[in-house]
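*Asks:* What would the 3D arrangement of this be:
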Amino acid sequence: MKIQFPRNFIIIILLIFIWAPNYAQNTRITDPNSIGWYAFSANIKLKKSWSLHSEFQWRRDKLISEPMQNLFRTGIGYTINPKLSVRAGYAIAETYNYGDIPLNNLGKQFTEHRSWQMVNLNDKIKSFEISHRFMLEQRWIGRYSNAQIQKEDQFIFSNRFRYMFRVQMPLKGNTMADNTPYLAVYDELLIGFGKNVNENVFDQNRFAVLLGYRFNSKTRIEGGYLNQIAQLSREVEGRNVYQNNKGILISTILNF
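*Replies:* Numbers count the residues shown, from 1 in each chain. This next block holds a predicted model:
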């Protein structure tokens, strides 16, 4: 099965990446933060084409000293063929009060529950490995009805669509063999939709440039620069608020 995307499709996606973060640039408030995201993921192969996935992300503000978000994601996957796989599961995130303008309007931390579904397409052009990841998320976001209570008493439902384009290439040889360093670049666009989405139809854009090392088929690590642009779901003084978060991303990926 050969998977190819039309050139016009790629051009449209790239235009969205360029346009979305700059939308309403003259009327927005920007909140810059220095972030560090530290991730660990493990994939366990079961019988035939089935696998289990687990992932923990320790996201920090001021690179490492202040809490930003803890995210745990788990799911089950099925490999249809070497170029096409699907996965679905559950995630829970705890988001803290960080930045000059916190995500929660009361400045409180909050819990979010998610169910999610993912389709991943892989291809290779010469030494370049290319992937397209499409994801849907159903989100239940914790809210407080007043400032006096200590725990969320409401969970607001919303939907989100995510598309990630990633390309990587070995820095030694033409294939991703054992003991091979590599370079990876990705961009991910996150779009909210549904009746409970407020200002942040454009929810986020994430761009990263990473250096990685594949020890063997079971273990690899990668780290580098991360830029996250995220729009808050509410206005402040009648203006949209965007976080411009820059920092580092370090990931460990295990396959069993």
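
*Asks:* List phi and psi for Gly61.
*Replies:* Small correction: residue 61 is Asp, not Gly. Backbone torsions for Asp61, taken as degrees, to the nearest 10, come to phi -100, psi 160.

*Asks:* so it touches Asn97, yeah?
*Replies:* No. Counting by Cβ atoms under 8 Å, Asp61 stays clear of Asn97, with 9.7 Å between them. Yep, even glycine has a C-beta here, placed from its N, CA and C like the rest.

*Asks:* These two: which is more packed in?
*Replies:* Per other Cβ atoms under 10 Å, whichever of Asp61 and Asn97 has more neighbours is Asp61, with 20 against 16.

*Asks:* Is the residue lying farthest from the centre of the chain in a helix, a strand, or coil?
*Replies:* Ranking residues of the chain by C-alpha distance from their mean position (Cα atoms, centre = their mean) puts Gln148 at the top, at 32.5 Å. In three-state terms, and counting by DSSP: H, G, I helix; E, B strand; the rest coil, Gln148 is coil.

*Asks:* check contacts around it.
*Replies:* Counting by Cβ atoms under 8 Å, 6 or more residues apart in numbering, Gln148 touches no other residue.

*Asks:* and it, what pLDDT?
*Replies:* The score at Gln148 is 94. That number is its pLDDT.

*Asks:* Lys47 now?
*Replies:* 85.

*Asks:* likewise Tyr38?
*Replies:* 98.

*Asks:* hey, where'd the strands end up in the stretch 51-200 of the chain?
*Replies:* 66-81, 84-95, 110-125, 128-143, 154-170, 180-193 (DSSP state E, counting those that start in this stretch).

*Asks:* what's the closest of those strands to Asp203?
*Replies:* Among the strands of the stretch 51-200 of the chain, the nearest to Asp203 by Cβ to Cβ is strand 180-193 (4.2 Å).

*Asks:* Return the set of residues that bridge with Arg239.
*Replies:* Val236 (DSSP bridges).

*Asks:* Now do it: how many residues are near it, please.
*Replies:* 13.

*Asks:* Next, the contact list for it, please.
*Replies:* Contacts of Arg239 by Cβ under 8 Å, 6+ apart are 27-29.

*Asks:* What lies in contact with stretch 127-135?
*Replies:* The contact list for stretch 127-135 (Cβ under 8 Å, 6+ apart) reads 5, 116-124, 161-170, 174-176, 188.

*Asks:* Now the buried members of the residues you listed.
*Replies:* Buried members of these, scored by 16 or more other Cβ atoms under 10 Å, are 116, 118, 120, 122, 162-166, 168-170, 176, 188.

*Asks:* from those, which is closest to Leu210?
*Replies:* Nearest to Leu210 among the buried ones among the contacts of stretch 127-135 is Gln168, at 8.2 Å by Cβ to Cβ.

*Asks:* In space, what's closest to that closest one - neighbours in sequence excluded?
*Replies:* Distances taken as Cβ to Cβ, 6 or more residues apart in numbering place Ala184 nearest to Gln168, at 3.8 Å, with adjacent residues excluded.

*Asks:* Pull the number of nearby residues for the one you found.
*Replies:* Ala184: 18 neighbours (other Cβ under 10 Å).

*Asks:* Over to Lys151?
*Replies:* Counted by other Cβ under 10 Å, the residues lying close to Lys151 total 9.

*Asks:* What distance do you get for Trp37 to Met68?
*Replies:* Separation of Trp37 from Met68 (Cβ to Cβ, to the nearest Å) stands at 8 Å.

*Asks:* which neighbours do these two share?
*Replies:* By Cβ under 8 Å, 6+ apart, the residues touching both Trp37 and Met68 are 59-60.

*Asks:* one step back: mind putting the strands of the stretch 51-200 of the chain in CSV, mean pLDDT and distance to Phe215 included?
*Replies:* Putting the strands of the stretch 51-200 of the chain into CSV (pLDDT from 0 to 100; distance: least, Cβ to Cβ, whole Å) gives the following:
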stretch, mean pLDDT, distance to Phe215
strand 66-81, 98, 22
strand 84-95, 98, 23
strand 110-125, 97, 21
strand 128-143, 97, 17
strand 154-170, 97, 14
strand 180-193, 98, 9
